[in-house]
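Visitor: what's the 3D shape of this:
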Amino acid sequence: MVRFSRFSLGKNEYRKVCKGKERRPMQLFGIMLFALSLVWVGGFAADNQSEYGGTLAFPLGYGGTIETLDPIIGSDSTVVTIADALGDGLLRYDLETLEIEPAIAESWEIGPNYKVYTFHLRHGVQFGKGYGEVTASDFEYTFERVLSFENPSRFPHLLLSLEGAKDFYNGKVDHIEGIKILGKYTLQLTTENPDVIFMTTIASNRLCVVPKAAVEKWGPAFGSHLVSAGPFELVEWVRGSKVEVKAFDKYYGGRPYLDNIEFLVMPESASRDAAFRAGAVDISMLSTAVYTNYKEDPQYKDLIIEVPELWTRVLTLNLREEKWQDVRVRQAANYAIDRETLNKYFLMDKAYVATSFLPKSSPGFDPNLKPYEYNLIKARELMEAAGYSKDHPFEFTIMACSDPAWGIAGGIALKPYLEAAYFKLKTVLVDSSTMWASAAAGDFDTYLNSAGLAKVSPVDFLSEVFASTELSGRENSAGYSSSEFDEYIKAARQEPDFEKRMVLVRKADALILSDAAMVFWNYSKAAAVHQAWVHGFVASPQDMIYQPWDKIWLDPEHSGA
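Guide: Okay, here's the model as predicted:
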């Protein structure tokens, strides 16, 4: 058996990306051998300079009223960030490097065929609210809950690669063959096919363990009373106002430094800005409207943290519609857009020009891949070859929500560029829930969105949006279909060597680019500013509101120490 001080699938897939500088974490010893099992052995490091105490006021800048705290039902990032404070799963990510770390599973073994994964749980891990010790059977229940067809889970695809998961999801069997309890603290998961990125999937922050007794007690209201085994416990949820959590003294990783966190519902950028400058909140996500002001402010410019996020802003085309099936039209739309100018003046440099779909923060990003240049002449030539002209334009509708970075304002900004290339379009404002429902049903012409779902593995990042249902477990809303793309993804999912896997990933991304499967616009740049008395806030490529809540601390004068 080979032991490592840190776990990797092949070579390390994850890069640290902070303030525009990229550096790979230390490369690990060797590549996993098929004949051997790998074990992660880890622990927790203490920061002797950290202070205990105090309440962190953290404004939530996404969306409006929180509908649920249940991470397998709530769709937006605010739900996950609160669930991160309340819960843990088998594994987790280092939020800066995105390397896999142990959580409730303290070690594990991977079988030689990348199908059998055996997890050894820590002993004595406690659920909050007095629901007892976490055991292997709790994870079995949690995963069944994620996959249950009768449960309104939005994320069954996370576990559909398990043996028998599809039959369980479709109600054909009452047990998932790929989940076995080998002992009170030992859980074995078996995938239907070899899957070298399964560990990145099982580390999803959607899969925090929950106690059956609490779910059964609260029923449909469990999302208002979330219980798990994280560093904090739920104190109060005031709908439309705040979610308050308190430190869990029995947390297996050690008591958090903070006494409390108040997650404040504050979607308006102006409100967050005013509250931050008044010292009423400790951290603020910077919107495009205020980003430049903070970058130029001597008081705050050195307190800004920014990172390329695992999100790509695109105009999604309904490729099921006959008019979008002409690749010349799709390519023309990509050539028609001046991304550099839009990013500089519309998004005020709070974005990166998109090449294809994989963003800069992904290990699959290919720096040698060339994006569509702004070339109006070429765009018009392609449109004319496809039968369109100034007098006979290509008509379509952009559906968009109110998000200031990629919503209806983005559609308005794109319009003159596209219309100069013989497109004629109108923009339609809808609420977010309507837009996502229409997208899922294929009931749209085009829609503006931020895509990728912060998937850590580039294989998942691509397959989530473009692969066939058989490979992704989900129906891609654009209706993109390519057997060549599916073959790249299938091969990548079974390739244990990291560098060879990234070659396949980059070929898949290049294919999407040449196919102009979407209109690629920009990669999200997350930016946040924190007060000088806040420590431990990190640049998180998945989403800046995902934070190591148990590691954040305040200076003594603000902590009550």
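
Visitor: I283 contacts P59, doesn't it?
Guide: Yes: if you go by C-beta atoms under 8 Å, I283 and P59 touch, sitting 7.5 Å apart. Backbone N, C-alpha and C define where each C-beta goes, glycine included.

Visitor: shared neighbours, these two?
Guide: Shared contacts of I283 and P59, defined by C-beta atoms under 8 Å, 6 or more residues apart in numbering, comprise F276.

Visitor: report the longest helix in this structure, please.
Guide: helix 498-515 (DSSP state H).

Visitor: what does it rub up against?
Guide: Under the criterion C-beta under 8 Å, 6+ apart, residues 8-13, 31, 196, 327, 330, 355-358, 363-364, 366, 369, 371-372, 458-459, 462, 466, 480, 482, 484-485, 488-489, 491-492, 495, 518, 520 lie in contact with helix 498-515.

Visitor: what about burial for those, which qualify?
Guide: Neighbour counting over the contacts of helix 498-515 (16 or more other C-beta atoms under 10 Å) leaves 8-13, 196, 330, 355-358, 363-364, 366, 372, 458-459, 462, 466, 480, 482, 485, 488-489, 491-492, 495, 518, 520 as the buried ones.

Visitor: all strands for the stretch 51-200 of the chain, in order.
Guide: With DSSP state E, counting those that start in this stretch, the ranges of strands along the stretch 51-200 of the chain come out as 55-60, 91-93, 100-102, 105-110, 116-121, 179-183, 186-190.

Visitor: right, so of those strands, which gets closest to G132?
Guide: Distance to G132, taken as C-beta to C-beta, is lowest for strand 116-121 among the strands of the stretch 51-200 of the chain, at 13.7 Å.

Visitor: Quick check: buried residues in the closest one?
Guide: For strand 116-121, the neighbour count (16+ other C-beta under 10 Å) marks V116, Y117, T118, F119, H120, L121 as buried.

Visitor: which residues touch the residue nearest to the first one when sequence neighbours are not counted?
Guide: Nearest residue to V116, sequence neighbours excluded (C-beta to C-beta, 6 or more residues apart in numbering): T190, at 5.2 Å. By C-beta under 8 Å, 6+ apart, T190 lies in contact with K115, V116, Y117, L162, E163, E177, G178, I179, K180.

Visitor: any chance of the residues you listed in CSV, with distance to L319 too?
Guide: CSV is the format used below for the contacts of T190 (distance: C-beta to C-beta, whole Å):
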residue, distance to L319
K115, 34
V116, 38
Y117, 36
L162, 30
E163, 33
E177, 36
G178, 33
I179, 36
K180, 41
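
Visitor: Give me the ChimeraX select line for these, limited to the buried ones.
Guide: Command for ChimeraX that selects the buried part of those, burial taken from 16+ other C-beta under 10 Å:
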select :115,116,117,162,163,178,179,180
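
Visitor: closest to S77 among the contacts of T190?
Guide: For those, the nearest to S77 is L162 (25.7 Å; C-beta to C-beta).

Visitor: Show the contacting residues for H392.
Guide: Counting by C-beta under 8 Å, 6+ apart, the residues that H392 touches are Y422.

Visitor: now with 10 Å?
Guide: H392 makes contacts with M383, E384, Y422, K424, as judged by C-beta atoms under 10 Å, 6 or more residues apart in numbering.

Visitor: Repeat that for V173.
Guide: Per C-beta under 10 Å, 6+ apart, neighbours of V173: G164, A165, K166, D167.
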